[in-house]
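Asker: here is a sequence with its predicted model. Questions after.
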Amino acid sequence: MTTVAVFADPPRSGLVLSRLIETSPISTEEAADLYGAMLSDVCLAVERSGGELLVNYRPDDLLPDEHAGGDAEAEIRDLLDGVLEEPPRVETQVGSTRAARVGNTVSHLLETEEVASAAVVTPTAPFCFRTHIDGAAMKLRNSPVVLGPATRGRVYFAGFTEPIDFEGAYQPPEIETLAWRASDAGLDTDFLPVLPVVETGADLRTVVSLIRARRVAERIVPPHTTEWIGDRGLRVEGDELVRED
């Protein structure tokens, strides 16, 4: 069984998806709601998979001062209440940088808890379905590192059966840097399908179009993200994100 840590921030206005706010007509409040919807979809996918869900959140003392001052764990638990069948395991991230926090989580799971494999998933990858999590677990039986590439060199999934040197491992392009770190450690790497993540307006246009297309084709969609898009009447016209009248 793979332990899958979903790396999450409390879904606070202005804290999450800041680049999306700057590059789209989405407000800070809407961005926070979207982040919560995508986080819900990713956690639900992990829960429904054969993996063990761990929600690994960034506590207030690791947040920028202007966004600190709350109860991050309670906010995340409240968000997921009613989304998941069982209350999730929720633990704090430890480390001053993203790479350090990922490294600490993976190393703790592999070396202290002695799990067979550990993975980290971004909460902004709503198309990371149960099948992707289970497929990654299968690949981890044969390859000590499995990466899920996203557009523009990003990564939505990183799984390990052995730790690597994580210092600076998320330097862009993330997918290449992580592959090099695995190679430096003498570890083989396998890959999952490319999936979109949402960080910018261009990313959101991709996801909106893909969700609308999959609904036309009657294919599976991420339910909470789809509901968020539908409630706001979002669609793509040309190269612009617009709201239906």
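Answerer: Structure's in. What do you need? Predicted model only: the values in this text are computed from it and were never measured. Numbers count the residues shown, from 1 in each chain.

Asker: centre of the chain versus stretch 80-91, how much separation?
Answerer: Here stretch 80-91 is found 16 Å from its chain centre; the criterion is C-alpha atoms, centre = their mean, to the nearest Å.

Asker: now do the buried residues in that stretch.
Answerer: 80, 83-84, 88, 90 (16 or more other C-beta atoms under 10 Å). C-beta: built from backbone N, CA, C; applies to glycine.

Asker: neighbouring contacts of it?
Answerer: Stretch 80-91 has contacts (C-beta atoms under 8 Å, 6 or more residues apart in numbering) with 39-40, 43-44, 47, 52-57, 73, 76-77, 224.

Asker: can you flag the buried ones in those?
Answerer: Once neighbours are counted (16+ other C-beta under 10 Å), the buried part of the contacts of stretch 80-91 comes down to 39-40, 43-44, 47, 52-57, 73, 76, 224.

Asker: any chance of these in TSV, plus distance to residue 130?
Answerer: Formatted as TSV, the entries for the buried ones among the contacts of stretch 80-91 read as follows, by distance: C-beta to C-beta, whole Å:
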residue	distance to residue 130
39	16
40	14
43	11
44	8
47	9
52	13
53	11
54	16
55	17
56	19
57	22
73	25
76	21
224	15
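
Asker: farthest pair within the residues you listed?
Answerer: Distance extremes for the buried ones among the contacts of stretch 80-91: the farthest pair is 52 and 224 at 21.3 Å, using C-beta to C-beta.

Asker: for residue 125, which non-adjacent residue is closest in space?
Answerer: On the basis of C-beta to C-beta, 6 or more residues apart in numbering, the spatially nearest residue to residue 125 that is not a chain neighbour turns out to be residue 156, at 3.7 Å.

Asker: next one: phi and psi at that neighbour?
Answerer: Listed backbone geometry of residue 156 is phi -100, psi -20, with angles given as degrees, to the nearest 10.

Asker: which residues sit in contact with it?
Answerer: Contact analysis of residue 156 by C-beta under 8 Å, 6+ apart lists 121-122, 124-125, 128, 148-150, 195, 197.

Asker: for these, pick the one with the most neighbours.
Answerer: When neighbours are counted by other C-beta atoms under 10 Å, residue 128 leads the contacts of residue 156 with 31 neighbours.

Asker: where does that residue fall, helix, sheet strand or coil?
Answerer: Following DSSP: H, G, I helix; E, B strand; the rest coil, we place residue 128 in the coil state.

Asker: surely it touches residue 193?
Answerer: No: at 9.9 Å, residue 128 and residue 193 do not qualify as touching, with contact defined as C-beta atoms under 8 Å.

Asker: joint contacts of those two?
Answerer: Overlap between the neighbourhoods of residue 128 and residue 193 consists of residue 148, taking contacts as C-beta under 8 Å, 6+ apart.

Asker: any chance of the contacts of residue 156 in JSON lines, plus distance to residue 220, secondary structure and pLDDT?
Answerer: Shown next, in JSON lines, are the contacts of residue 156 (distance: C-beta to C-beta, whole Å; DSSP: H, G, I helix; E, B strand; the rest coil; pLDDT from 0 to 100):
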{"residue": "121", "distance to residue 220": "18", "secondary structure": "strand", "pLDDT": "98"}
{"residue": "122", "distance to residue 220": "20", "secondary structure": "coil", "pLDDT": "98"}
{"residue": "124", "distance to residue 220": "19", "secondary structure": "coil", "pLDDT": "98"}
{"residue": "125", "distance to residue 220": "15", "secondary structure": "coil", "pLDDT": "98"}
{"residue": "128", "distance to residue 220": "12", "secondary structure": "coil", "pLDDT": "98"}
{"residue": "148", "distance to residue 220": "18", "secondary structure": "strand", "pLDDT": "98"}
{"residue": "149", "distance to residue 220": "21", "secondary structure": "strand", "pLDDT": "98"}
{"residue": "150", "distance to residue 220": "19", "secondary structure": "strand", "pLDDT": "98"}
{"residue": "195", "distance to residue 220": "13", "secondary structure": "strand", "pLDDT": "98"}
{"residue": "197", "distance to residue 220": "18", "secondary structure": "coil", "pLDDT": "98"}
